[in-house]
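Participant: everything below, folded, please.
(2 chains)
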Protein chains: 2
Amino acid sequence: MQLPRGPTRRPRVVIIGAGFGGLEAARSLRNRDVDITLIDRRNFHLFQPLLYQVATAALSPGDIAWPTRSIFRRDKNLTVLMAEVSAIDISARTVTDGRVVIPFDFLILATGAAHSYFGHDEWSAFAPALKTIADALSIRERLLRALEQAEFSTNPVERRRLMTTVIVGGGATGVEMAGAIAELEHRTLSGEFRNIDPVSARIFLIEAGPRVLPSFPEHLAAVARASLQSMRIEVRTGISVTDCNARGVTLAGGEHIDAATIIWAAGVAASPAGAGIGATRDRAGRVEVCPDLSVNQHPEIFVIGDAATIVGANRSPVPGVAPAAKQMGRYVGRVIAARIRGERAPAAFKYRNWGDLAAIGRKSAVVSLGRFQLTGYLGWWFWGIAHIWFLIGFRSRVVVAFSWWWSYLTSQRGARLISDRDRK
Amino acid sequence: MQLPRGPTRRPRVVIIGAGFGGLEAARSLRNRDVDITLIDRRNFHLFQPLLYQVATAALSPGDIAWPTRSIFRRDKNLTVLMAEVSAIDISARTVTDGRVVIPFDFLILATGAAHSYFGHDEWSAFAPALKTIADALSIRERLLRALEQAEFSTNPVERRRLMTTVIVGGGATGVEMAGAIAELEHRTLSGEFRNIDPVSARIFLIEAGPRVLPSFPEHLAAVARASLQSMRIEVRTGISVTDCNARGVTLAGGEHIDAATIIWAAGVAASPAGAGIGATRDRAGRVEVCPDLSVNQHPEIFVIGDAATIVGANRSPVPGVAPAAKQMGRYVGRVIAARIRGERAPAAFKYRNWGDLAAIGRKSAVVSLGRFQLTGYLGWWFWGIAHIWFLIGFRSRVVVAFSWWWSYLTSQRGARLISDRDRK
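Facilitator: All right, here's what the predicted structure looks like:
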């Protein structure tokens, strides 16, 4: 691969997506002799691991999102473009949003994943997933509005439906959502209504696999399940959902759970951006990449994070989690830097699994970092400190830590708003 | 007026609206021997004086809004209903939202005001006003998005339009908005773009009257104007707007200002709820009330806050500000309590004007409390402490104070998000 040469011509790197992968790629390249364009359809980077706390009214969107421009304001070789890429021209080496055309020497696709409804996209209207701030605000609104309606419902069946939430999917997101909803309904809202008692609100966690938290060791998953049950969350494993509709959820075998709020925390599908480069993709839509994360026959194009799947001998799959995306972003930065300087390429990408964390409500978490494992109260402290650590900037750390401390002491929550956004 | 009697029958007070007036009326009655129903179409009370800081990305909505239920959670004689009242039956003494019918012995209408476009409602699409959280988020989005578009516009005329904001109305809201936008564009965003310089963004403040801040003493208004001009805000007084459209604003005399963002901070009209009781209303839609704030021939119905105008000999008009609404709410609480106990009614309502405050950007404010007047830096501290004081609860006070302190030191802002809400 040849780079154009000239006195003023620096290699141009275009990164699509400012999630964990794209952000880390940009960071690892910002002190290199390259011109970077970081494109995202939003103007901010979102700390997705805490998005469920926005959905359950504990945090505001601004607490876990930072303007991409602000993160890179001192890096004059980096330009941020808020745009939705509509086409990638591989032979001309350009990307465009229909307004501007941006040439690249290296392209990094870091467009992430969306939720998959396993071929039942019609379920999305009844069972929103949790990927964006819009999703989180929509779930927050559904949860709070259902109880407002229950307070003045005179029909006991309807009231029971309004006070029922079903979470589909027992991975970390589903478990954390279930715990946070139990805290919200059974504790924060307790005593605030006059005709209903939110303490009696029902929460179901449905998992098709044999246990919750499949990525954790089995005994920690059992601890998590016991914690959930002690919070009066009904955990059902080994049973799949066959329908989601306006009345609720139908399970395999025909049981129907009447529920006003359904939250989808199950399958994942890569964003469709990978289709734009014409590469081979797996069933979940992820682009198959070489061991150096480049696309076959296109060493100048890389795909990272949830949008990629690595193929090759003895490759174990890399999980779709933030640390994996960050490692891939850093790795691709190193590959590009080596290529530009004509150095030897780094060895094939290897995912280093630091472990898994999942909070269960306000006082408990499971932590699995190899042989280092924690549960309960100690686990919760570890979980909290780890998450504060990974937030960006002093302000967010202080505001999130203070919000947690205050919620811990008072059981109150800071963002219990049913948005009037749609009313206009 | 007679109250039904019986061992279990307490007087029923229905309050429509949980703004400053309705909240204060509920507070003054919560320890009385009455059953209160507080109805609002939202689930929260909003601290409107700081709404402009949500519109300019300094605060999150959750920082200045509190769930009404939570405020009154310990008052078991008070029921909160989130609903939009669709009909008031004066003879049957009931209100309804179409689902539930709520009987009352006393009714307090505290439905507030909306902005008036002086008969040009078609302007609202181009020039959003600032009354609700939805308005604030919409303005925040317009301001931020215009600069994102300007960064990649190749047409200098269009770029100039995208970098121009016009605020219509030079009262406290307009002045505070103008100052906050100048801080945002000229300071926070400075250095974050590569193709444009937000420091050169233009801000116009248009006031039809002879000066800004008409409710302040003339010399303080002059100080405010000088402060605004020192922040490179172009202040135009004595000139009215004749058109708002997709291109910008046309002024009397024919001058047109090309502007991507127009903010309406001019006329006020009472909410239409007053029409539901069939009372006489003034040109701005406010219900004309007796000196005890009750409606003529309906001593059991009261109208307070921005929805009311007091008629009678020698009545000076009460301004549409939060302290006036709160005083009216408290007063009506006392009137109802006196009636129930068969005591003599309090003297006619008298508005006590404590004074006016307006912040101008990050380091300056004008304060006019009778003979006590402050400007500049000292004024800004007074303004800040007064606003923190009036927030509800420990959490909001800490978060807002911390956010201001942090913004003051870093010029950064905590909520610079272009919402993806409408993208779904």
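Participant: only C-alpha atoms for contact and neighbour calcs from this point on.
Facilitator: Fine.
Participant: outline the domain layout of chain A.
Facilitator: A:12-115+A:269-340, A:118-266 (automatic domain parsing).
Participant: can you redo those domains as TSV with distance to B:Arg10?
Facilitator: Formatted as TSV, the domains of chain A follow (distance: least, Cα to Cα, whole Å):
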stretch	distance to B:Arg10
domain A:12-115+A:269-340	36
domain A:118-266	17
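Participant: could those domains be laid out in a markdown table, adding mean neighbour count, mean pLDDT and distance to B:Arg247?
Facilitator: A markdown table is the format used below for the domains of chain A (neighbours: other Cα atoms under 10 Å in any protein chain shown; pLDDT from 0 to 100; distance: least, Cα to Cα, whole Å):
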| stretch | mean neighbour count | mean pLDDT | distance to B:Arg247 |
| --- | --- | --- | --- |
| domain A:12-115+A:269-340 | 21 | 93 | 20 |
| domain A:118-266 | 20 | 96 | 29 |
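Participant: nearest to B:Lys76 among these would be which one?
Facilitator: Proximity to B:Lys76 (Cα to Cα) singles out domain A:118-266 among those, at 7.4 Å.
Participant: can you show me the helices along chain A?
Facilitator: Here chain A has its helices, by DSSP state H, at A:20-29, A:51-55, A:68-71, A:133-151, A:156-162, A:172-182, A:218-230, A:322-340, A:376-390, A:394-410.
Participant: now the ones you listed in a markdown table, with distance to B:Ala222?
Facilitator: Formatted as a markdown table, these follow (distance: least, Cα to Cα, whole Å):
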| stretch | distance to B:Ala222 |
| --- | --- |
| helix A:20-29 | 48 |
| helix A:51-55 | 44 |
| helix A:68-71 | 36 |
| helix A:133-151 | 43 |
| helix A:156-162 | 57 |
| helix A:172-182 | 52 |
| helix A:218-230 | 63 |
| helix A:322-340 | 54 |
| helix A:376-390 | 47 |
| helix A:394-410 | 36 |
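Participant: for B:Ala308, find the nearest of those helices.
Facilitator: Closest to B:Ala308 of the helices of chain A, according to Cα to Cα: helix A:133-151, at 29.1 Å.
Participant: right, is that closest one up against chain B?
Facilitator: Yes - using Cα under 8 Å from any Cα of the partner chain, we find that helix A:133-151 touches chain B at A:Ile133, A:Ala134, A:Glu148.
Participant: who are the packing partners of that helix?
Facilitator: Contacts defined by 3 or more Cα pairs under 8 Å, 6 or more residues apart in numbering or on different chains; DSSP states H and E place helix A:133-151 against helix A:51-55, helix A:156-162, strand A:261-264.
Participant: need these in TSV with distance to chain B, can you?
Facilitator: Below are the helices and strands packed on helix A:133-151 laid out as TSV (distance: least, Cα to the nearest Cα, whole Å):
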stretch	distance to chain B
helix A:51-55	11
helix A:156-162	14
strand A:261-264	16
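Participant: next, the contact list for the residue nearest to A:Val241 when sequence neighbours are not counted, please.
Facilitator: Nearest residue to A:Val241, sequence neighbours excluded (Cα to Cα, 6 or more residues apart in numbering or on different chains): A:Leu251, at 4.4 Å. Residues near A:Leu251 by Cα atoms under 8 Å, 6 or more residues apart in numbering or on different chains: A:Ile239, A:Ser240, A:Val241, A:Thr242, A:Asp243, A:Ile257.
Participant: got a list of what the residue nearest to A:Arg10 when sequence neighbours are not counted touches?
Facilitator: Spatial nearest neighbour of A:Arg10, chain neighbours left out: A:Val34 (5.4 Å); criterion: Cα to Cα, 6+ apart. Residues in contact with A:Val34 (Cα under 8 Å, 6+ apart) are A:Arg10, A:Pro11, A:Arg12, A:Val13, A:Asn77.
Participant: wait, isn't the first one in contact with A:Ile36?
Facilitator: Right, A:Arg10. No - with contact defined as Cα atoms under 8 Å, A:Arg10 does not reach A:Ile36; the gap is 9.8 Å.
Participant: still on that earlier bit, of all the helices and strands packed on helix A:133-151, which one comes closest to B:Val166?
Facilitator: Nearest to B:Val166, of those and by Cα to Cα, is helix A:51-55 at 33.3 Å.
Participant: give the other helices and strands that that closest one contacts.
Facilitator: Other helices and strands packing on helix A:51-55, by 3+ Cα pairs under 8 Å, 6+ apart, are helix A:133-151, helix A:172-182.
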